[in-house]
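> Pasting a predicted model and its sequence here:
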Amino acid sequence: MNNEPMDQERSEEPQASAENTAQDAGLNDTVNEQEENLSAQENSEITRLRAEAEEHQQRLLRVQADFDNFRRRTLKEKEELGKYASAKLITELLPVFDNFERALAANVQEQSEQASFVKGVEMIFRQLDGVLQAEGLKAMESVGQPFNPEFHQAIMQVESDEYEEGIVVEEVQKGYLLKDKVLRPAMVKVSG
């Protein structure tokens, strides 16, 4: 009888160990399945991220190409604008040019014809002045104004009883503004 319990214990040990092995195998199968599922999930996530990265790369390349095209188009437009910026002004000046040609072609012999010639040239000058003023050209008023190096170019300093020191006394060449910008400073004599 003493042997019997021992035999029972021995026979139970292999049975318990077989059960443990079966449980371990089932557990391993579950872990393997989870690893496979996790692996499949990771693979699908990696695939999705790669596709997303590729899409972003393609979008970036398209934006870069669009920007390059925009830059080239803008540069071309800028060149054309610089090349033909004066076209409108020249078109408006052509009738003035035509009138000067006619005036120069006129054969002025008599005194009365000379007076009408001068009157015609004055009309042409007013026409030219009107075109330039319409474009924003203004003559500067310099005489009697304080000397300002932004608007005046002093070519001589003269003594004057009429003006204080630093005042423009004579305009040698007119200065012009184009809208608010100095196009050409006036050449002046300044009291000293």
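Arrived safely, thanks for sending.
> Domain ranges for this structure, per the record?
With automatic domain parsing as the criterion, the domains of the chain are listed as 1-84, 86-135, 138-192.
> What ranges does this structure have for its helices?
When secondary structure is read from DSSP state H, the chain shows helices at 3-84, 87-105, 111-134.
> how about a markdown table for those, with distance to residue 164 and mean neighbour count added?
All C-beta atoms are positioned from the backbone trio N, CA, C, and that covers glycine. Conversion of those to a markdown table gives the following (distance: least, CB to CB, whole Å; neighbours: other CB atoms under 10 Å):
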| stretch | distance to residue 164 | mean neighbour count |
| --- | --- | --- |
| helix 3-84 | 45 | 10 |
| helix 87-105 | 40 | 12 |
| helix 111-134 | 32 | 13 |
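> Taking the centroid of the chain, which residue is nearest it?
In the chain, the C-alpha nearest the mean C-alpha coordinate belongs to residue 74, at 8.4 Å (CA atoms, centre = their mean).
> Let me have the domains of the chain in TSV, extended by mean pLDDT.
Compiled in TSV, the domains of the chain are given as follows (pLDDT from 0 to 100):
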stretch	mean pLDDT
domain 1-84	75
domain 86-135	83
domain 138-192	92
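> Looking at the helices of the chain, which is nearest to residue 156?
Nearest of those to residue 156, taken as CB to CB: helix 111-134 at 27.9 Å.
> hey, C-alpha coordinates of the closest one in PDB?
In PDB, the C-alpha atoms belonging to helix 111-134 read as follows (Å, rounded to 0.1, in the frame of the first residue of the first chain):
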ATOM      1  CA  GLN A 111       6.600 137.700 -91.500                       C
ATOM      2  CA  SER A 112       3.000 136.600 -91.000                       C
ATOM      3  CA  GLU A 113       3.900 133.000 -91.700                       C
ATOM      4  CA  GLN A 114       6.600 133.200 -89.100                       C
ATOM      5  CA  ALA A 115       4.200 134.400 -86.400                       C
ATOM      6  CA  SER A 116       1.800 131.500 -87.200                       C
ATOM      7  CA  PHE A 117       4.800 129.200 -87.200                       C
ATOM      8  CA  VAL A 118       5.800 130.300 -83.700                       C
ATOM      9  CA  LYS A 119       2.100 130.000 -82.600                       C
ATOM     10  CA  GLY A 120       2.000 126.400 -84.000                       C
ATOM     11  CA  VAL A 121       5.200 125.400 -82.200                       C
ATOM     12  CA  GLU A 122       3.700 126.800 -79.000                       C
ATOM     13  CA  MET A 123       0.600 124.700 -79.500                       C
ATOM     14  CA  ILE A 124       2.800 121.600 -80.000                       C
ATOM     15  CA  PHE A 125       4.700 122.500 -76.800                       C
ATOM     16  CA  ARG A 126       1.400 122.700 -74.900                       C
ATOM     17  CA  GLN A 127       0.300 119.400 -76.400                       C
ATOM     18  CA  LEU A 128       3.500 117.800 -75.300                       C
ATOM     19  CA  ASP A 129       3.300 119.400 -71.800                       C
ATOM     20  CA  GLY A 130      -0.300 118.100 -71.500                       C
ATOM     21  CA  VAL A 131       0.700 114.500 -72.300                       C
ATOM     22  CA  LEU A 132       3.600 114.600 -69.800                       C
ATOM     23  CA  GLN A 133       1.400 116.100 -67.100                       C
ATOM     24  CA  ALA A 134      -1.200 113.400 -67.600                       C
END
